[in-house]
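> quick one, fold the following:
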Amino acid sequence: DLVALAYALSGRITPTVARAVSLAFGIFMIAPLFAFANRWRGPRMAWLTLLVLLTMPRFWKYSHVILLDIAVGAFCTWAIVCFAWSAFQDPDDKPRMLFPWLCAVFSAAAFLTKGVPALFSIAVVIAGFCVVEKRWGMLKALFSPIPLLSFLIPVGLWILLLYHEGGIA
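Alright, predicted model coming up:
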């Protein structure tokens, strides 16, 4: 759908326009990593993070070909970074519920892009962090009503529409 939108916006149907969508998702993936590394460890770590990501062959490849994998990676990255931002945020900060909500929204986008494997990728990182750090309150924040509904409503509507149209077959 995004490639079709890019075609409509550009007025042309070319491989370059289609690849631009993948490139946009690659840039979309870079932004939260750079911002989080900058806040967590400073500008040097942010630039190092950017350098490492940009030299990964699969990142380079998938941000230049017409595949959904870069979109899944971007949504998973945003979900995990939002979770991490929440985990390392000062408890007195006012927008504390913003990050669990964003984590749920990006997790839903990842699920809608790739399905259960995307959720598994996010869940392994979040559960691993909670187990190692013994921060079970983080899971409680993710499963509070607003983040939970922010995930379940779009995913539930998609599943309902899928089965209304005849299911997977």
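> in the biggest helix by length in the chain, what's buried?
Counting residues, the longest helix found in the chain (DSSP state H) is helix 15-41. For helix 15-41, a neighbour-count test (16 or more other Cβ atoms under 10 Å) marks 17-22, 24-26, 28-30, 32-34, 36-38 as buried. (Each C-beta comes from the backbone N, C-alpha and C, glycine too.)
> got it, and stretch 145-158?
Neighbour-count burial for stretch 145-158 flags Pro147, Ser150, Phe151, Pro154, Val155 (criterion: 16+ other Cβ under 10 Å).
> ok, now which ones touch the residue nearest the centre of the chain?
Among the residues of the chain, the one closest to the centroid is Phe75, at 1.8 Å (Cα atoms, centre = their mean). Shown in contact with Phe75 (Cβ atoms under 8 Å, 6 or more residues apart in numbering): Phe106, Ser107, Ala109, Ala110, Thr113, Ala118.
> distance between stretch 99-119 and the chain's centre?
Relative to its chain's centre, stretch 99-119 lies at 6 Å (Cα atoms, centre = their mean, to the nearest Å).
> rounded mean pLDDT for it, please.
Averaged across stretch 99-119, the pLDDT comes to 91.
> the chain: helices as residue ranges?
Applying DSSP H to the chain gives helices spanning 2-10, 15-41, 43-54, 57-62, 69-87, 98-114, 116-133, 136-142, 145-164.
> mind giving me the packing neighbours of the second one?
So that's helix 15-41. helix 2-10, helix 43-54, helix 57-62, helix 69-87 (3 or more Cβ pairs under 8 Å, 6 or more residues apart in numbering; DSSP states H and E).
> what does the shortest one give?
Other elements packing on helix 57-62 under the criterion 3+ Cβ pairs under 8 Å, 6+ apart are helix 15-41, helix 69-87.
> could you check the angle the first one makes with helix 2-10?
Calculated by axes from the mean of the first three to the mean of the last three Cα atoms, to 10 degrees, helix 15-41 forms an angle of 110 degrees with helix 2-10.
> could you do the last one as well?
Regarding helix 69-87 and helix 2-10, their directions subtend 100 degrees when assessed with the same axes, to 10 degrees.
> hang on, isn't Phe25 packed against His64?
No: between Phe25 and His64 there is no contact, the gap being 10.9 Å when judged by Cβ atoms under 8 Å.
> on that earlier part again, in JSON lines, list the helices and strands packed on helix 57-62 along with distance to Val132 and mean pLDDT.
Formatted as JSON lines, the helices and strands packed on helix 57-62 follow (distance: least, Cβ to Cβ, whole Å; pLDDT from 0 to 100):
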{"stretch": "helix 15-41", "distance to Val132": "17", "mean pLDDT": "88"}
{"stretch": "helix 69-87", "distance to Val132": "11", "mean pLDDT": "90"}
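> having no further points to raise, I will conclude here.
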